[in-house]
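Participant: Predicted model and sequence follow; I will ask about them next.
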There are 2 protein chains.
Amino acid sequence: MNSFVYNIPTKVYFGENQLGNLTKELLKFGKRVLMAYGGGSIKRIGLYDKVIGELNAAGMEVYELAGIEPNPRIESVRAGVKLCKEHNIDVILAVGGGSTIDAAKFMAAGSCVEHDPWEFFGANAKPIDNALPIVTILTLAATGSEMDTAGVISNLETGDKLGRLAPALLPKVSFLDPTLTYSVSKFQTACGAADIMSHIIEVYFNTQVDLFMLDCFMEGMLKTIVKFAPEALADPENYEARANLMWTSSWAINGFINGGKRKAWSCHPMEHELSAVYDITHGLGLAILTPRWMEYCLDESNVDKYVQYGVNVFGIDSSLDKMDIARQSIRLTAEFLFDTLGLQRTFTEVGIKREDFELMARKACRYGEIKGFKTLTQADVVNIFEMCL
Amino acid sequence: MNSFVYNIPTKVYFGENQLGNLTKELLKFGKRVLMAYGGGSIKRIGLYDKVIGELNAAGMEVYELAGIEPNPRIESVRAGVKLCKEHNIDVILAVGGGSTIDAAKFMAAGSCVEHDPWEFFGANAKPIDNALPIVTILTLAATGSEMDTAGVISNLETGDKLGRLAPALLPKVSFLDPTLTYSVSKFQTACGAADIMSHIIEVYFNTQVDLFMLDCFMEGMLKTIVKFAPEALADPENYEARANLMWTSSWAINGFINGGKRKAWSCHPMEHELSAVYDITHGLGLAILTPRWMEYCLDESNVDKYVQYGVNVFGIDSSLDKMDIARQSIRLTAEFLFDTLGLQRTFTEVGIKREDFELMARKACRYGEIKGFKTLTQADVVNIFEMCL
């Protein structure tokens, strides 16, 4: 069992009607705020007007950066850095889902250095020692960016989609109001659920012995998704369902469940190459990959983990044969993702073609083999892609 | 479902061999440290020498306050405040279990005011706005004081044992090394497990609807205690068992599992009166009270909570009659506490006498009825005490 450091000081206002605390928190950092957001959804649900109203009433100096893309691009980050430097911004307010928050993180870091923010990524990445403070208002339960130190940025010029983590990127304060996710479409709700599920599975399926307590927490979060994602799809304004998905999204990836485990993730690095080339929704790519990856990795040496998962999350009868439980757990995972959540089940359906497999596999293994639950070579990645066709 | 604020910025070094980070963390606050501890146990296990060695090597100015009692007394707090003021202390290092950490919290707060620290307690308690920074090295998995904002202090003069919470009391950094609990006696290990269990049960048995995800976490922690407390008793140097109990102790009471629930606790206010009068170990008092309180509260209106608990924690067959499941869950809780953990099962065995019931019940209800899972009047408290004889 490895030692670890737990350090997640993000303050979270959870629930309805918490935005009255927004400017009090922002003003701890200063008066000049850059408000970053994506498309028109925050205007459609009235959130934009509400936030601007609060900021103006508190006498804050507000600058705006709109149009941050899903799979956010380095150009948006550069635009944000430029605004922060020009206007001597004190704090960045990210209003949106993971894409907006991820972009805000690298604007915050980029504002503290002279080099181009793309230099934070890749094999010779520059250090991230400082960042402007970030406050978030979350509108989508998915990536967990509201309470973690990570972000992923796409560069269409180089064809790369690269992640980075650094403690300085952790948001200082996040506002999680489940009602702000009422208007999230069925498709995005399903993709968000698949993303959260994947964050947990990437840690849970691990050959390192770690705290039983954390395994219980992960099983609890997986059960929460299995129970409430369908309820949110059936009844988008179900507060209990939206609240459970939202708080689960944060705890799935803030580092807590990780304990001392040090294995790499598997489906995420594969998926990032899909969405780098095809610009598909991250959670959809993960959904297609996950059950195939589970099937590809299963063997006698690791079957116990599948059994634990199948019994504790899906309630499979523990007296059955281990391999049968394992296969049933993979089948139930696939059924949940494709039948219950209604996500597309193959690369073919979403237009991902065999001709790009070699390139995407090579990029997924750009730093060497993927040393996760089971070590994956470039050839293994191609094999898993083949299973997804 | 109520809204809530999550804000637990304590940094935790978890695992073996983390003490090399101690002085780096202390020096963030300054060079003058007050090291507070209890009896001789930290000397016996070599921890005292190790810590002093680290502090000296880093050139820190060290003052000591030894002899903090189990059920820590206001006199110790006063002595600590005096030392902090005299020597202009920058940071308090509490080395020990919950008693030492609780005492350190009120030394830290008392050092920032002119009045006597006992004035932080009771009906007309003075505010706690500031406190010296607190760093802890935990040697007992039980109270969770290493990662929460609360503490309990006894005043033998007035016969009171009173709790208080304030954000300023939250430790800045805590060191949780499971090997430091290897030498904890069987009795104290059992009392610690009962204490952790009670912290969870006090929140779990709640009539307010809250996040399912948090209920799953609580069930996971209860299963962790049921699994690992016996292993720690059988094999005191079982790292996995000690580690699971230790991290569970922190998360059982740091506020996370509470979500938006606002009901008062029940067994804790009753128990504090037992240990105020009889100076018994807190966890033992809780163990004796808990199954009786569960039995006293059970009725048709709340049976579902017992069913959820019995099925998810103890694996009772969910197809049985609800009341049968509930009664079985109470019986299994009692068996775990008294047979598996080996704790004494009655007031009679520990010397608590009927003649003090009225006084203790009146004090338990000093602020009115206990508005917990089921509202308890003073007469209800006496009835529960009677069941414990």
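Facilitator: Okay, I see it.
Participant: Could you use CA atoms for every contact and neighbour count after this?
Facilitator: Noted.
Participant: Show me what stretch A:156-169 is in contact with.
Facilitator: A:73, A:105-106, A:108-109, A:120-122, A:128-131, A:134, A:148-155, A:272-273, A:275-277 (CA atoms under 8 Å, 6 or more residues apart in numbering or on different chains).
Participant: Please, a PyMOL command that selects the buried ones among the residues you listed?
Facilitator: Applying 16 or more other CA atoms under 10 Å in any protein chain shown to the contacts of stretch A:156-169, the buried members can be selected in PyMOL as follows:
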select buried, chain A and resi 73+105+106+108+109+120+121+128+130+131+134+148+149+150+151+152+153+154+155+272+273+275+276+277
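Participant: so how many other residues sit close to A:Glu69?
Facilitator: 16 (other CA atoms under 10 Å in any protein chain shown).
Participant: Equivalent analysis for A:Thr158, please.
Facilitator: Neighbour tally, A:Thr158, other CA under 10 Å: 8.
Participant: quick one: it is in a strand?
Facilitator: No - A:Thr158 is assigned coil when assessed by DSSP: H, G, I helix; E, B strand; the rest coil, not a strand.
Participant: my read: A:Thr375 touches A:Val381, true?
Facilitator: No - contact criterion CA atoms under 8 Å: A:Thr375 and A:Val381 do not qualify, at 10.2 Å.
Participant: out of the two, which sits in the more crowded spot?
Facilitator: A:Val381 (25 against 13).
Participant: can the biggest helix by length in chain A be found next to chain B?
Facilitator: The longest helix of chain A (DSSP state H) is helix A:212-234. Yes - counting by CA under 8 Å from any CA of the partner chain, chain B has neighbours in helix A:212-234: A:212-213, A:216-217, A:220-221, A:224.
Participant: backbone phi and psi for A:Ile92, please?
Facilitator: phi -100, psi 130 (degrees, to the nearest 10).
Participant: and it, how far is that from A:Ile101?
Facilitator: Using CA to CA, to the nearest Å, A:Ile92 is found at 10 Å from A:Ile101.
Participant: about what we covered before: got the contact list for the longest helix of chain A?
Facilitator: Against helix A:212-234 from outside (CA under 8 Å, 6+ apart): A:186, A:189-190, A:193, A:197, A:200, A:204, A:238, A:241-242, A:244-245, A:248, A:252, A:257-259, A:309, A:312-314, A:336, A:340-341, B:212-213, B:216-217, B:220-221, B:224, B:244, B:248.
Participant: all strands of the stretch 101-250 of chain A, in order?
Facilitator: A:134-138, A:150-155, A:160-165, A:173-176 (DSSP state E, counting those that start in this stretch).
Participant: Let me have the ones you listed in TSV, extended by mean pLDDT.
Facilitator: Shown next, in TSV, are those (pLDDT from 0 to 100):
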stretch	mean pLDDT
strand A:134-138	98
strand A:150-155	95
strand A:160-165	92
strand A:173-176	98
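Participant: B:Glu300: which of those strands is closest?
Facilitator: Of all the strands of the stretch 101-250 of chain A, strand A:173-176 sits nearest to B:Glu300, with 35.5 Å by CA to CA.
Participant: Do any residues in the closest one lie close to chain B?
Facilitator: No - judged by CA under 8 Å from any CA, strand A:173-176 stays clear of chain B, getting no closer than 9.3 Å.
Participant: Return the distance of that strand from the chain's centre.
Facilitator: 16 Å (CA atoms, centre = their mean, to the nearest Å).
Participant: Then stretch A:14-21?
Facilitator: 23 Å.
Participant: So the spatially most central residue of chain A versus A:Ser250, what's the distance?
Facilitator: Here the mean C-alpha position of chain A is nearest to the C-alpha of A:Thr143 (CA atoms, centre = their mean), at a distance of 2.2 Å. Taking CA to CA as the measure, A:Thr143 and A:Ser250 are separated by 8 Å.
Participant: Test my guess that A:Val33 contacts A:Ile92.
Facilitator: Yes - the pair A:Val33 and A:Ile92 qualifies as a contact (CA under 8 Å) at a distance of 5.6 Å.
Participant: In terms of neighbours, single out the busier of those two.
Facilitator: A:Ile92 (30 against 25).
Participant: list the contacts for that one?
Facilitator: A:33-36, A:104, A:108, A:132-135.
Participant: 7 Å - rerun?
Facilitator: A:33-35, A:104, A:132-135 (CA atoms under 7 Å, 6 or more residues apart in numbering or on different chains).
Participant: As a quick check, tell me the outermost residue of chain A.
Facilitator: Outermost residue of chain A (CA atoms, centre = their mean): A:Ser319, 35.4 Å.
Participant: Contacts for stretch A:382-389 next, please.
Facilitator: For stretch A:382-389, using CA under 7 Å, 6+ apart, the contacting residues are A:288-289, A:292-293, A:296, A:346-348, A:357-358, A:361.
Participant: I should have written stretch A:177-184 there, sorry.
Facilitator: So stretch A:177-184 is contacted by A:14-16, A:139-140, A:236-237, A:239, A:242-243, A:246 (CA under 7 Å, 6+ apart).
Participant: Go again with 6 Å.
Facilitator: Identification of contacts with stretch A:177-184 by CA atoms under 6 Å, 6 or more residues apart in numbering or on different chains yields A:14-16, A:139-140, A:236-237, A:242-243.
Participant: Keep only those residues that also lie close to chain B.
Facilitator: A:14-15 (CA under 6 Å from any CA of the partner chain).
Participant: What is the nearest of the contacts of stretch A:177-184 to A:Asn7?
Facilitator: Among these, and counting by CA to CA, the member closest to A:Asn7 is A:Phe14, at 19.6 Å.
Participant: Phi and psi next, for the closest one.
Facilitator: According to degrees, to the nearest 10, A:Phe14 has phi -110, psi 130.
Participant: quick one: contacts for it?
Facilitator: A:176-177, B:3-5.
Participant: A:Ile68 contacts A:Gly40, correct?
Facilitator: No - contact criterion CA atoms under 6 Å: A:Ile68 and A:Gly40 do not qualify, at 10.5 Å.
Participant: For A:Tyr63, what are phi and psi?
Facilitator: The phi/psi pair for A:Tyr63 (degrees, to the nearest 10) is phi -120, psi 150.
Participant: Tell me, domain by domain, which residues of chain A belong where.
Facilitator: A:11-180, A:186-387 (automatic domain parsing).
Participant: Would you mind listing what in chain A touches chain B?
Facilitator: Checking chain A against chain B by CA under 6 Å from any CA, the hits are A:3-7, A:9, A:11-15, A:211, A:213, A:216-217, A:220, A:224, A:244.
Participant: From these, keep the buried residues only.
Facilitator: By 16+ other CA under 10 Å, those give A:3-7, A:9, A:11-15, A:211, A:213, A:216-217, A:220, A:224, A:244 as buried.
Participant: Report the separation between A:Arg32 and A:Thr10.
Facilitator: 21 Å.
Participant: quick revisit: and the residue farthest from the centre of chain A, how close does it get to A:Cys216?
Facilitator: From A:Ser319 to A:Cys216 the distance is 20 Å (CA to CA).
Participant: same thing with A:Gly372?
Facilitator: Taking CA to CA, one finds A:Gly372 at 21 Å from A:Cys216.
Participant: just A:Ile196 next, same as before
Facilitator: Counting by CA to CA - A:Ile196 and A:Cys216 are separated by 16 Å.
Participant: ok, now A:Ala166?
Facilitator: Separation of A:Ala166 from A:Cys216 (CA to CA) stands at 27 Å.
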